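Asker: Next input, structure requested:
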Amino acid sequence: MGLILLALTACIKRSGNFQPDNTDVRLDSTNLPIVWIEVDGDSIERDARIGGRMKIIHNGDGKLNYADTISHPNQRVNYQGYISLRHRGNSTYYNSPKKGYSIRTLSEPLWRGIAKKDNVSLLGMGRDNNWALLAPYNDKSMMRDLLAFEISRPWMEYVPQGRYCEVFLDGTYYGVFILAELATKGRYRLDLRKPGDQGDALTGDYMMEVDNNDDVTYVSKHHPISNNGTPYTNRHILFQYKFPDYEDMEECQRDYINHRVDLMENALASGNYRDYIDVMSFIDYQLAMELGHNVDAYRFSVKFYKRRDSEDPRFKLVVWDMNLAYGNSHRLQGWRNDTWRYLSNDMMNDEGETFLMPFWWQRLNSDPQYTAQLKARWAEYRRSNLREENVMAIIDSLSNVLTSHGAEHRNSQAWPSWGIKVWGNYYVASDFEDEVAHLKQWLHERITWMDKQLGYQPIEN
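Answerer: So this is what the prediction gives:
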């Protein structure tokens, strides 16, 4: 009987599309764009897309948007059309009641899983058909991903953009989300071209990802290592095929990129790696991960890509997935701000973590030439966009966007969690102001520690 009741409860929750704890939140006006998604009561899946419709009201920066479109009929419609969608995320999907979505904009309704994709510009972001609605829940500041993007943007070749919005699903208020670009092939993103089957065209473009085993993977020939360099021979690093998708690749293309990854790793192991990786891209990625002390750094969502050899034969990296960063994790001492994440394989192994990080980072950081460049790059950061007052100004700006017209308050009504420890949290804030103050203090201490470790002396005002 108990199993039947559990099954019924799960079915009811599923058919309700994971509704908020409070479904009676009212939104009259907001400074954030309003996103309406309609699926007519269909259950949104994680692994298969369903059809729907989406409408976005955005009257422009600095102007209010109104949920009552009858009383306010002349509002600016940023998008209105067909979509396909599914739930997205791994640990956040399974551990957070507020689910994110993968959205495809379509030119016609989804029919039997087939419909023409429609490249559109949403909220001022570049035209594409592939979008994410990130669902900040365990990150109670709702700003860690956007903070990481803004910090990294001046330095990396491509950093996704994101916009806060308030979402309704089938008429129910679901809270604050982040409509975000994905690090994908689109013209206004990484602009990766489909590889050919011979010559220079065969050499690019490709994207792989260090991640888990929830998709087709290529297994690294190099095991992860401990801090003293001893291989963990019972652990393996997995690379997923992100572009092209595995099923869209010809055998010669899979053979090429697999071999190219082997060459890169062999070069990293031998120390002769500079022809295979863009060193500055790896440094920028490392500094972003280390500043955030991200518990998933280097081992999950690590997207690396290469273009055709005639353009640039070296692998580069992209920043993504920072919701467990900046002290926001009880796992693997993620709350600390006085250790290096790239040296945490031993800790992960002790705690029984299945997925460790590649050996790349310990080897790179044992190279004096690499560490000299790392320190110089940190100093360059700190003299420009990573001045502490700049970082705090970004936080203040994001906080103001969330609070000035009640968006954070409505989200907290829909998903009440202040004073409650939810999955991921180490620090349990009493309210939004407390959470932001904690984030600022954590970052101040982290920057101070990294300055000391990397030999940077801040200039006193």
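Asker: doesn't Tyr370 fall inside a strand?
Answerer: No - secondary structure of Tyr370 (DSSP: H, G, I helix; E, B strand; the rest coil): helix, not part of a strand.
Asker: For it, grab the count of nearby residues.
Answerer: Tyr370 is flanked by 19 other residues according to other C-beta atoms under 10 Å. All C-beta spots, glycine's among them, are computed from the backbone N, C-alpha and C.
Asker: Spatially nearest residue to it (excluding sequence neighbours)?
Answerer: Nearest-residue entry for Tyr370: Leu364, 4.9 Å, with adjacent residues in sequence omitted and distances by C-beta to C-beta, 6 or more residues apart in numbering.
Asker: OK, contacts around that neighbour?
Answerer: By C-beta atoms under 8 Å, 6 or more residues apart in numbering, Leu364 lies in contact with 268, 273, 282, 286, 370.
Asker: Name the nearest of these relative to Tyr246.
Answerer: Leu268 (24.0 Å; C-beta to C-beta).
Asker: can you pull the buried residues of the helix or strand where the closest one lies?
Answerer: Applying DSSP states H and E as the criterion places Leu268 in helix 251-270. By neighbour count on 16 or more other C-beta atoms under 10 Å, the buried set for helix 251-270 is 253-254, 256-258, 260-261, 264-265, 268.
Asker: May I see these arranged in TSV, with pLDDT and distance to Ser329 as well?
Answerer: Formatted as TSV, those follow (pLDDT from 0 to 100; distance: C-beta to C-beta, whole Å):
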residue	pLDDT	distance to Ser329
Gln253	98	37
Arg254	97	35
Tyr256	98	37
Ile257	98	32
Asn258	98	33
Arg260	98	33
Val261	98	29
Met264	98	29
Glu265	98	28
Leu268	98	28
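Asker: will you turn those residues into JSON lines that also has distance to Lys116?
Answerer: Output for the buried residues of helix 251-270, formatted as JSON lines (distance: C-beta to C-beta, whole Å):
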{"residue": "Gln253", "distance to Lys116": "25"}
{"residue": "Arg254", "distance to Lys116": "28"}
{"residue": "Tyr256", "distance to Lys116": "30"}
{"residue": "Ile257", "distance to Lys116": "28"}
{"residue": "Asn258", "distance to Lys116": "32"}
{"residue": "Arg260", "distance to Lys116": "33"}
{"residue": "Val261", "distance to Lys116": "34"}
{"residue": "Met264", "distance to Lys116": "37"}
{"residue": "Glu265", "distance to Lys116": "39"}
{"residue": "Leu268", "distance to Lys116": "42"}
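Asker: Let me know the closest of those to His236.
Answerer: Glu265 (12.6 Å).
Asker: wait, doesn't that closest one sit right on His222?
Answerer: Yes - contact criterion C-beta atoms under 8 Å: Glu265 and His222 qualify, at 5.0 Å.
Asker: Show me which residues of the lengthiest helix in the chain are buried.
Answerer: Longest helix of the chain, by residue count under DSSP state H: helix 432-453. Residues of helix 432-453 classed as buried by neighbour count (16+ other C-beta under 10 Å): 432, 435-436, 438-440, 442-443, 446-447, 449-451.
Asker: which residues does the closest residue to Tyr427 other than its chain neighbours contact?
Answerer: Counting by C-beta to C-beta, 6+ apart, His438 is the residue found nearest to Tyr427 once chain neighbours are left out, at 5.3 Å. Residues in contact with His438 (C-beta under 8 Å, 6+ apart) are 327, 427, 429.
Asker: Same check on Leu439?
Answerer: 141, 143-144, 326-327, 395.
Asker: Please identify which of these is nearest to Arg86.
Answerer: Of the contacts of Leu439, the one sitting nearest to Arg86 (C-beta to C-beta) turns out to be Arg144, at 23.6 Å.
Asker: list the contacts for the closest one?
Answerer: 136, 292, 322-326, 328, 439.
Asker: Just checking: what are the partner strands of the top strand by length along the chain?
Answerer: Longest strand of the chain, by residue count under DSSP state E: strand 77-88. Strand pairing for strand 77-88, determined by DSSP bridges: strand 50-57 (antiparallel), strand 100-106 (antiparallel).
Asker: how distant is the helix or strand following that strand from the center of its chain?
Answerer: Per DSSP H and E, the first helix or strand lying C-terminal to strand 77-88 is helix 91-95. The chain centre lies 14 Å from the centre of helix 91-95; the measure is C-alpha atoms, centre = their mean, to the nearest Å.
Asker: Need phi/psi at the spatially most central residue of the chain.
Answerer: The residue lying closest to the centre of the chain (C-alpha atoms, centre = their mean) is Asp321, at 2.5 Å. Backbone torsions of Asp321, given as degrees, to the nearest 10, read phi 70, psi 80.
Asker: What residues does it make contact with?
Answerer: 145, 296, 300-301.
Asker: Can I get the contacts of His438 in JSON lines including distance to His405?
Answerer: What follows is these, written out as JSON lines (distance: C-beta to C-beta, whole Å):
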{"residue": "Gly327", "distance to His405": "28"}
{"residue": "Tyr427", "distance to His405": "27"}
{"residue": "Ala429", "distance to His405": "21"}
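Asker: re earlier: for the buried residues of helix 432-453, which one is nearest Gly334?
Answerer: Among those, and counting by C-beta to C-beta, the member closest to Gly334 is Trp442, at 10.8 Å.
Asker: Next up, the contacts around the closest one.
Answerer: Trp442 neighbours (C-beta under 8 Å, 6+ apart): 326-327, 337.
Asker: So which of these wins on neighbours?
Answerer: Of those, with other C-beta under 10 Å as the count, Tyr326 tops at 27 neighbours.
Asker: how near is that residue to Trp423?
Answerer: Plainly put, Tyr326 is 17 Å away from Trp423 if you go by C-beta to C-beta, to the nearest Å.
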